[in-house]
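Student: Turn this into a structure:
(chains A and B)
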Amino acid sequence: MIQIDQLSKKYKDAEHYSLKGLDLKVENGEIFGLLGPNGAGKTTLISILSGLIKPSSGSFKIDGLDYTSNNKQLKQVIGIVPQEYALYPSLTAYENLYYFGSMFGLKGPSFKASIEEHLNILGLGQFAHKKIKAFSGGMKRRVNLIAGILHQPKVLFLDEPTVGVDVQSKTVIIDFLKEQNSNGTTIIYTSHHLNEAENFCSRVGIIDHGQLICLGTPKELIQNEQGAEHLEEVFLALTGKALRDYA
Amino acid sequence: MPSPEKHYGTMHKLFVSAKKEFWLLTRDLGGLAVLFLMPLLLVITITLIQDNTFKTIQENKIPILLVDMDQGAVSNQIITNLNESSLFNIIKKESEANAQDLVQKGDFQLAIILPKDLTKDLNLKIDQNVSGILAEFGVESDREEPLVNIEKKEIRLYFDPATQQSFKSSVRNNIDKMISQIESQSIYRAFQEELGEDENTSIFDTESFISFTEIVPNTNKKEGIPNSTQHNIPAWTLFAIFFIILPLSINMVNEKNQGTFIRLRTQPIPYATVLGGKTIIFLWVSLIQFILMLLLGIYIFPLMGLPKLEVTGRIPLLLIVAFFAGLAAIGLGLLLGTIAKSQEQSAPFGATFVVILAAIGGVWVPVFAMPNFMQTLSRLSPMNWGLNAFYDVFLRNVGIGEIIPEISALLLFFIVTTTIAIIYNEKKNAV
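Tutor: Below you'll find the predicted structure:
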């Protein structure tokens, strides 16, 4: 379970809070969609939960572990799939996964078998020993995904895992994530693909200006918004149509 | 799906981190070749230039201009001495202006202008002085000419503006010495004439009474006078070892740009372990570089006509110094790689900084020849510590005890730079 209490973040020299007093509870086994326009605070929230940045105030616990006192154990129970590929281009897919898995303390024949099996499931078995720099965007996304789940995390954070990939790769990724979830992994997922989120997530939260503005199952949110048939209409009604450009 | 075993040991993570660095390094064969070949090329070039400079001067005499307005015994003596020095090929010119013009254009390095009446006036001046001295002792002189005021003579030297100061000093010293010898010989000759002795019978020994011999102090009673190879290999090897900060810092900047560093920060691995993996592999690189340099000095230099590197009995100590020098260089690379945000920051800074460390460390100009302030500064350069340790082993034949201060300083430098890198990384990431 993820328990977030009054979490705030204001970056150094920033005028506004990126997150302001956010409270959220995500239950074990959920696929939680964190949605919001650009600059709403989604990546900041995931960065805090994954230990990349520290909050200005507030607290959170993942699987009962507090980030201030159990940082190392906390990193062991979470998996991160960042938006960037975060892979070594001159190493092969296998070598990348071997290295990142080893940094979680994995070793032995079962670890090596696990790498090969994950590569096969995501359709990359025959490319295991090819260098990442020769891979397409979709292939890199899939290797990126495997690197985040090799250590079988209890909670998996995914920052736009299907951005820039073709429909085939997207389908494979979503199916794989559903299987992970069915095996007990809690998934926190951000995306701008609202149709995908509507079908994939068990619950979504829409965040804007650093605050959670609505929370519920996709079905509940659509029902609550008059005239809305899809999550995208709910989203636009709540966040407006104004562009969110920032630099 | 198999459930992989989990181990939390740092040693396994360190081992795999080193393995990853090895993979990264060996995947870039061009970069690897540059890493090993360029230092070899550097040492070969510098040693060839330094070792052959004197030989070249001897074999291919430097052409210089000489304008002889004296046309007397003194100018003939100067020309004879210059010819005998085997350093110069003398080209005579009639006009000072012409000679000056040719030197100014850079066609010649030097023009020597011997003034008019140099022989006549020098002899006259010496005769006057000798007669005066003898008269003081009551010896009657044969001189009949009255005393006249003789102007001092000036030999003018025109140097090409591009000529290096060391060459100018060397030429000036040689000519000065030559003139002094001619003057003293003329004085002896004048005394001999005044005392009525036969010119052909020498009563004065005009050879230098005091001479000097170069002796290399050697407390360990080991044979050997250091040669240019013995000087160059340590200095330029150290320079090459420190250049490792460039590929190392670029490697770290690349990790930041590729996002792999962000992923590592979300994993249960201390930054020290990440740096440890890099240290292990890059330390091997610097040791291999050093061994290649030794092999070059021992086996390749003699084939190129250069002096052989003498390492008998010194290899273990040399490897110890190379190990600690490599550590110091890696510490600097880790710090630079931690602080730099882009290759545009790390590469020019790293390259320039190594050159500065080499300069203040005494790789180009010996520390004793530096101004006081720079001598103090040189004591802060890890390259100076490394160079002293290498010279101690190569040239002074010392034991392990004598190099402990230097290698301890190198180790301390590694510890301090790496600790700063770790602290900086923690502070920087506490956004």
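Student: Domains in chain B, by residue range?
Tutor: Listed by automatic domain parsing, the domain ranges of chain B are B:10-52+B:223-429, B:61-194.
Student: which regions of the stretch 101-250 of chain B sit below the pLDDT cut-off?
Tutor: Scanning the stretch 101-250 of chain B for pLDDT under 70 picks out B:139-147, B:196-208, B:214-227.
Student: residues in it within reach of chain A, list them.
Tutor: Within the stretch 101-250 of chain B, no position lies close to chain A (CB under 8 Å from any CB of the partner chain). Any C-beta I mention is one placed from the backbone N, CA and C, and that applies to glycine too.
Student: Helix or strand: which one has the closest residue to chain A within the stretch 101-250 of chain B?
Tutor: Nearest to chain A in the stretch 101-250 of chain B, going by CB to the nearest CB, is B:Ile250, at a distance of 13.1 Å. In this assignment (DSSP states H and E), B:Ile250 forms part of helix B:245-258.
Student: just checking, next helix/strand downstream of that helix?
Tutor: helix B:260-265.
Student: how far is that next one from where the chain is centred?
Tutor: Offset of helix B:260-265 from its chain centre (CA atoms, centre = their mean, to the nearest Å): 44 Å.
Student: and what of stretch B:407-415?
Tutor: Its chain's C-alpha centre and that of stretch B:407-415 lie 25 Å apart, by CA atoms, centre = their mean.
Student: So for chain A, the centremost residue is which one?
Tutor: Centroid-nearest residue in chain A: A:Leu158, 1.5 Å away (criterion: CA atoms, centre = their mean).
Student: which stretches of chain A have low pLDDT?
Tutor: Applying pLDDT under 70 to chain A flags the ranges A:245-247.
Student: Helices of that one, residue ranges please.
Tutor: For chain A, helices defined by DSSP state H occupy the ranges A:42-49, A:71-77, A:93-102, A:109-121, A:137-149, A:167-182, A:194-200, A:218-224, A:231-239.
Student: can you redo those as a markdown table with mean neighbour count and distance to chain B?
Tutor: Shown next, in a markdown table, are the helices of chain A (neighbours: other CB atoms under 10 Å in any protein chain shown; distance: least, CB to the nearest CB, whole Å):
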| stretch | mean neighbour count | distance to chain B |
| --- | --- | --- |
| helix A:42-49 | 24 | 9 |
| helix A:71-77 | 17 | 4 |
| helix A:93-102 | 24 | 4 |
| helix A:109-121 | 17 | 4 |
| helix A:137-149 | 22 | 7 |
| helix A:167-182 | 16 | 10 |
| helix A:194-200 | 17 | 21 |
| helix A:218-224 | 16 | 28 |
| helix A:231-239 | 19 | 26 |
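Student: Dump those helices into TSV; add distance to B:Phe394 as well.
Tutor: Below are the helices of chain A laid out as TSV (distance: least, CB to CB, whole Å):
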stretch	distance to B:Phe394
helix A:42-49	53
helix A:71-77	48
helix A:93-102	41
helix A:109-121	48
helix A:137-149	49
helix A:167-182	61
helix A:194-200	68
helix A:218-224	76
helix A:231-239	72
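Student: For stretch B:152-168, measure first residue to last.
Tutor: Criterion CA to CA, to the nearest Å; first-to-last residue distance in stretch B:152-168 is 23 Å.
Student: Grab the nearest non-local neighbour of residue 94.
Tutor: You didn't say which chain, so I picked chain A. Counting by CB to CB, 6 or more residues apart in numbering or on different chains, A:Tyr94 lies nearest to A:Ala128, which is 4.5 Å off, once chain neighbours are set aside.
Student: The chain in question should be chain B.
Tutor: Leaving aside its sequence neighbours, B:Glu94 sits nearest to B:Val67 (CB to CB, 6+ apart; 6.9 Å).
Student: That neighbour against B:Lys93, yeah?
Tutor: Yes: shown here, B:Val67 and B:Lys93 form a contact pair, counting by CB atoms under 8 Å, at 5.1 Å.
Student: what's the overlap in contacts for those two?
Tutor: B:99, B:111 (CB atoms under 8 Å, 6 or more residues apart in numbering or on different chains).
Student: Comparing those two, which shows the higher neighbour count?
Tutor: Using other CB atoms under 10 Å in any protein chain shown, the more surrounded residue of B:Val67 and B:Lys93 is B:Val67, with 22 against 18.
Student: Figure out the helix or strand that that one lives in.
Tutor: For B:Val67, the host element (DSSP H and E) is strand B:62-68.
Student: got it, and B:Asn81?
Tutor: Element membership for B:Asn81 (DSSP H and E) is helix B:73-84.
Student: can you pull the contacts of A:Ala147?
Tutor: Residues near A:Ala147 by CB under 8 Å, 6+ apart: A:81, A:86-87, A:96-97, A:100-101, B:263.
Student: Redo these as TSV? Include distance to A:Asp5.
Tutor: What follows is these, written out as TSV (distance: CB to CB, whole Å):
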residue	distance to A:Asp5
A:Val81	25
A:Ala86	29
A:Leu87	35
A:Asn96	36
A:Leu97	35
A:Phe100	31
A:Gly101	33
B:Arg263	27
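Student: Just give me how far the helix holding B:Ile250 sits from the chain centre.
Tutor: That offset, for helix B:245-258, works out to 32 Å (CA atoms, centre = their mean).
Student: List of residues touching that helix?
Tutor: Residues contacting helix B:245-258 (CB under 8 Å, 6+ apart): A:84-89, B:21, B:24, B:31, B:35, B:261-262, B:264, B:278, B:282, B:329-330, B:332-334, B:336-338, B:340-343, B:345-347, B:350-351, B:353-354.
Student: quick one: the nearest residue to B:Val367 once chain neighbours are set aside and chain A, what's the gap?
Tutor: Counting by CB to CB, 6+ apart, the nearest residue to B:Val367 once its immediate chain neighbours are dropped is B:Ser378, at 4.8 Å. Distance from B:Ser378 to chain A, counting by CB to the nearest CB, to the nearest Å: 39 Å.
Student: okay, now B:Ser378: neighbour count?
Tutor: 23.
Student: still on that earlier bit, specify the beta-bridge partners of the residue nearest to B:Glu94.
Tutor: B:Lys93, B:Ile113 (DSSP bridges).
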